[in-house]
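S.K.: coordinates only, sequence not included:
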């Protein structure tokens, strides 16, 4: 008997429907075709054990299974459950009347229990678009898929429940999620707060400007000055997720299998902090079976690169294009996938190998030329994509011992959100542009052009500080953000002066 069961293949962060055709006829052989990978081929053994342990008979017939479309590679163990259900239906062990109404995915254990899968959210979105009535998947993924409205989501624990459901012997419970409640849950709750930071007012201001305009930022300072501490608190002052951003970010983490257990929708912007030994592929994504890299997992959030010069040069260089295009395309011989990668890059580094160049109390012991050599580990083109450079000095004892709490993250966030609202209104008619950091050269000339006095100040600064030409546009972008924080329609000299102060590494005499 020929039956059709429906599953899905995840490509990038989107899913494609897969039709699994199963035909049981006279014979003894087992054929699985349609470009399955090794893990799909191995499902034969898992399916036999799961069916038999669950009390059903595996058919002693020739079984031919075709996974269509045949030109799409089928990867992973999530096809175990639809393949098993197709075999049971083709052998008439279960009824096949309702199979076309449901999309089925799940990995089988040898005892018939169903294990979680990756990519449940994009598969659920596709199932809704394709007009399926419901989605049957592992219980651990049910809340994640239930975010999609208008689709019945059934979480199951073993193959017996699915078989009895199609035979009309069991009613499965629909999983429901209150999307509004899930979206708002925990948005305003952060473990780390800027009120814990003592001193460092100039750095906190730089982080506020970076958050308000979506600017990339680098902090340079000696060990123990608080670079990592403040970077970890940056998430607490970023604008809350929009629903669209939350869904897109959750899809990426779902595909990568990085969603925490029981989480249906991410409520906080991601903060990714890879170690400096990371490989190129782990950073930007790819592999034999492409997966999102750290830059995509940081989409709509923060990518923190601590000890920036210690990263492999090739790892930093492959990030240059994604920083500009805000997406990464991974190409293979037969296909290519595209992952979004719109993130804020926050980096931290010591000023020299010993860490104490420009320290107010400790002398630098590096030999001549070592500071410039250390800085040269980070290429000019990468620094060109970082808008704000800020130096950090150690906090004096008087500040550390002061018990007065600093300004809370919630107060800073209010100013950031207000500035982002101004930018959203400014760019509302321009698709793909949401903040000042994304402005093109033409838009900079239109929205961030300084007045005569400001232009004179900028020209003088570039000449006296020997600022490079690449600093010009970055200064204007940052000054536009500072003006937005001041609710000023025009970029004034005071805004330019502050933005110029955030280009330390562009100064020709910075490294001595």
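M.R.: Arrived safely, thanks for sending. From a predicted model like this one, the values you see are computed outputs, not experimental measurements.
S.K.: isn't residue 262 right up against residue 142?
M.R.: No: Residue 262 is beyond contact range of residue 142, at 10.0 Å (criterion: Cβ atoms under 8 Å). Bear in mind the C-beta positions are built from the backbone N, C-alpha and C, glycine included.
S.K.: between the two, who's got more neighbours?
M.R.: Legend: neighbour count by other Cβ atoms under 10 Å for residue 262 and residue 142, higher for residue 142 (24 against 8).
S.K.: you'd agree that one is in a helix?
M.R.: Yes: assessed with DSSP: H, G, I helix; E, B strand; the rest coil, residue 142 lies in a helix.
S.K.: excluding its backbone neighbours, what's nearest it?
M.R.: Distances taken as Cβ to Cβ, 6 or more residues apart in numbering put residue 155 closest to residue 142, at 3.0 Å, once the chain neighbours are dropped.
S.K.: pLDDT score for that neighbour?
M.R.: You'll see residue 155 listed with a pLDDT of 96.
S.K.: mind checking the SS state of it?
M.R.: Reduced to three states by three-state DSSP, residue 155 is strand.
S.K.: quick one, what contacts it?
M.R.: By Cβ atoms under 8 Å, 6 or more residues apart in numbering, the contact list for residue 155 reads 137, 138, 139, 140, 141, 142, 143, 173, 175.
S.K.: Without its sequence neighbours, what residue ends up closest to the last one?
M.R.: I take that to be residue 175. Leaving aside its chain neighbours, residue 175 sits nearest to residue 142 (4.0 Å; criterion: Cβ to Cβ, 6+ apart).
S.K.: Surely the one you found touches residue 151?
M.R.: No: with contact defined as Cβ under 8 Å, residue 142 and residue 151 do not form a contacting pair (11.5 Å).
S.K.: close enough to count as contact, residue 228 and residue 305?
M.R.: No: Residue 228 lies out of contact with residue 305 (Cβ under 8 Å); the separation is 10.9 Å.
S.K.: more neighbours, these two?
M.R.: Shown here are residue 228 and residue 305; by other Cβ under 10 Å, residue 305 has more neighbours (27 against 16).
S.K.: wait, isn't that one in contact with residue 347?
M.R.: Yes: at 4.5 Å, residue 305 and residue 347 qualify as touching, with contact defined as Cβ under 8 Å.
S.K.: in this structure, what secondary structure element scores lowest on mean pLDDT?
M.R.: helix 397-400 (a mean of 70; mean pLDDT, DSSP states H and E).
S.K.: Quick check: next helix or strand after that helix?
M.R.: Next along the chain after helix 397-400, taking DSSP states H and E as the criterion, comes helix 409-426.
S.K.: in that following helix, what counts as buried?
M.R.: 409, 412, 413, 415, 416, 419, 420, 422, 423, 426 (16 or more other Cβ atoms under 10 Å).
S.K.: And for that helix, what's in contact with it?
M.R.: 188, 190, 193-195, 204, 208, 211-213, 233, 236-240, 434-436, 447, 481, 484-485, 487.
S.K.: before we move on, the earlier item: show me what the residue nearest to residue 142 is bridged to.
M.R.: residue 137 (DSSP bridges).
S.K.: quick one, what contacts residue 7?
M.R.: Counting by Cβ under 8 Å, 6+ apart, residue 7 makes contact with 17, 18, 20, 67, 78, 79, 82, 103, 104, 105.
S.K.: Please list the members of the residues you listed that lie in helices.
M.R.: Those of the contacts of residue 7 mapping onto helices are residue 82, per DSSP state H.
S.K.: Dump the contacts of residue 7 to a markdown table, plus neighbour count and distance to residue 360.
M.R.: Rendered in a markdown table, the data for those read as follows (neighbours: other Cβ atoms under 10 Å; distance: Cβ to Cβ, whole Å):
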| residue | neighbour count | distance to residue 360 |
| --- | --- | --- |
| 17 | 17 | 64 |
| 18 | 20 | 64 |
| 20 | 24 | 68 |
| 67 | 24 | 67 |
| 78 | 30 | 58 |
| 79 | 32 | 62 |
| 82 | 27 | 66 |
| 103 | 27 | 63 |
| 104 | 27 | 65 |
| 105 | 30 | 60 |
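S.K.: Please narrow the contacts of residue 7 to those residing in strands.
M.R.: Using DSSP state E, the subset of the contacts of residue 7 located in strands is 17, 18, 20, 67, 103, 104.
S.K.: and of those residues, the nearest to residue 291?
M.R.: Nearest to residue 291 among the ones in strands among the contacts of residue 7: residue 18, at 19.1 Å, using Cβ to Cβ.
S.K.: quick one: that closest one and residue 75 touch, right?
M.R.: No: if you go by Cβ under 8 Å, residue 18 and residue 75 don't touch, sitting 11.0 Å apart.
S.K.: So which residues make contact with stretch 483-500?
M.R.: Residues from elsewhere that reach stretch 483-500 (Cβ under 8 Å, 6+ apart): 208-209, 212-213, 415, 418-419, 422-423, 436, 448-451, 453-454, 457-458, 461, 465, 467, 475-476, 478-480, 482.
S.K.: Tell me which residues of stretch 105-116 come out buried.
M.R.: 105, 106, 107, 108, 112, 113, 114, 116.
S.K.: Equivalent analysis for stretch 379-386, please.
M.R.: 382, 383, 384, 385, 386.
S.K.: quick check, nearest of those to residue 370?
M.R.: For the buried residues of stretch 379-386, the closest approach to residue 370 (Cβ to Cβ) belongs to residue 383, at 18.5 Å.
S.K.: How about that closest one: what's its closest non-neighbour residue?
M.R.: Nearest non-adjacent residue to residue 383 (Cβ to Cβ, 6+ apart): residue 505, at 6.0 Å.
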